[in-house]
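Engineer: Got a predicted structure here, sequence first:
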Amino acid sequence: MQEANYTVKNNKTEERNSVKGNLGKANRKGMRRSALKFGKKGLALALALMSLSMSTAFTASASPKEEELLVFSEEGAIISQEDQSTSLFSDDVLVGDTVSRSQQIVDYATQYIGRPYRYGGVSLLHGSDCSGFLMGIFGHFGIGLPHSSAEIGTLGTNVGSLANAIPGDVLAYSGHVGIYLGNGRMLSALNSRSGVTIESATYKPIKSIRRFV
């Protein structure tokens with residue numbers, strides 16, 4: 001009789017253990033599903049925060065803060081923005097740019113020294129006359145000139161005397177034009193005998209001096 005009671009108790013104990021085991025498995029499965037759901041949500045939240053941070057950084061870098069330009073007087077004092085004027089520095093900048101561009105024209109033109117002269121020609125390599133030579137040189141820098149020495153002598157800015165001329169200015173003579181090189185020298189497609197050559201700027205009377213840059 002005692003043995004029967006013991007068997008019943010053991011069966012009940014096993015049932016309770018079986019139920020607890022099943023509940024434990026169910027709880028673990030539920031916890032794994034919850035963790036998986038939370039993991040996906042957490043990943044999405046982290047990606048959203050990362051995107052917001054990158055967007056803020058990009059906006060900050062794309063909109064740099066303007067820096068104040070400091071201008072100094074000849075005595076070394078800082079000039080306030082209210083007192084600054086274009087005349088304080090524009091002259092130097094403009095003169096510097098003009099000289100630089102003019103020198104580029106001179107440097108480009110001198111590489112054709114020795115090339116042939118050809119009446120009516122416009123080829124820097126195969127032959128040009130005086131106005132055709134200037135057309136090719138200044139055209140290289142985007143400055144259009146007519147194929148006429150008389151017309152070229154009326155265009156651009158009138159410099160005045162040779163004392164005011166800088167390298168790159170155009171010297172206009174009667175029936176001829178050339179490029180001033182400085183130091184009293186002139187470069188041009190002179191004639192069929194000399195071709196493109198350097199000559200004295202005063203080899204004959206100058207009618208006008210024109211500036212195109």
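Structural biologist: That came through, no problem.
Engineer: Tell me who's in contact with Phe141.
Structural biologist: Arg101, Gln104, Ile105, Tyr108, Val213 (C-beta atoms under 8 Å, 6 or more residues apart in numbering). In this view, the C-beta of every residue, glycine as well, is placed from N, C-alpha and C.
Engineer: Relative to Ile166, how far out is the residue nearest to Thr157 when sequence neighbours are not counted?
Structural biologist: The spatially closest residue to Thr157, leaving aside those adjacent along the chain, is Arg211, at 4.4 Å (C-beta to C-beta, 6 or more residues apart in numbering). Shown here: Arg211 relative to Ile166, a distance of 8 Å by C-beta to C-beta, to the nearest Å.
Engineer: which stretches of the protein form helices?
Structural biologist: For the chain, the helices defined by DSSP state H occupy 2-62, 90-110, 130-139, 149-152.
Engineer: And those helices, which one averages the lowest pLDDT?
Structural biologist: With a mean of 52, helix 2-62 has the lowest mean pLDDT of those.
Engineer: how close does the residue nearest to Thr157 get to Gly195?
Structural biologist: According to C-beta to C-beta, Arg211 and Gly195 sit 26 Å apart.
Engineer: What of Gly132?
Structural biologist: For Gly132, the distance to Gly195 - C-beta to C-beta - is 13 Å.
Engineer: which of the two has more neighbours?
Structural biologist: The neighbour count for Gly132 versus Gly195, taken as other C-beta atoms under 10 Å, is higher for Gly132 (23 against 19).
Engineer: Count the residues that sit near the residue nearest to the more buried one when sequence neighbours are not counted.
Structural biologist: Using C-beta to C-beta, 6+ apart and skipping residues adjacent in sequence, the residue nearest Gly132 is Val122, 3.9 Å away. Using other C-beta under 10 Å, the number of residues around Val122 comes to 17.
Engineer: So what sits opposite Val122 in the bridge?
Structural biologist: Beta-bridge partners for Val122, by DSSP bridges, are Ser128.
Engineer: so who does it touch?
Structural biologist: Ser128, Gly132, Met135, Gly136, His147.
Engineer: Can you turn the buried part of these into a ChimeraX selection?
Structural biologist: Listed next is the ChimeraX selection for buried residues among the contacts of Val122, using 16 or more other C-beta atoms under 10 Å:
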select :128,132,135,136
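Engineer: Which members of the contacts of Val122 are the farthest-apart pair?
Structural biologist: Using C-beta to C-beta, these span at most 10.4 Å, a distance reached by Gly136 and His147.
Engineer: First-to-last residue distance for stretch 102-122?
Structural biologist: With C-alpha to C-alpha, to the nearest Å as the measure, stretch 102-122 spans 21 Å from end to end.
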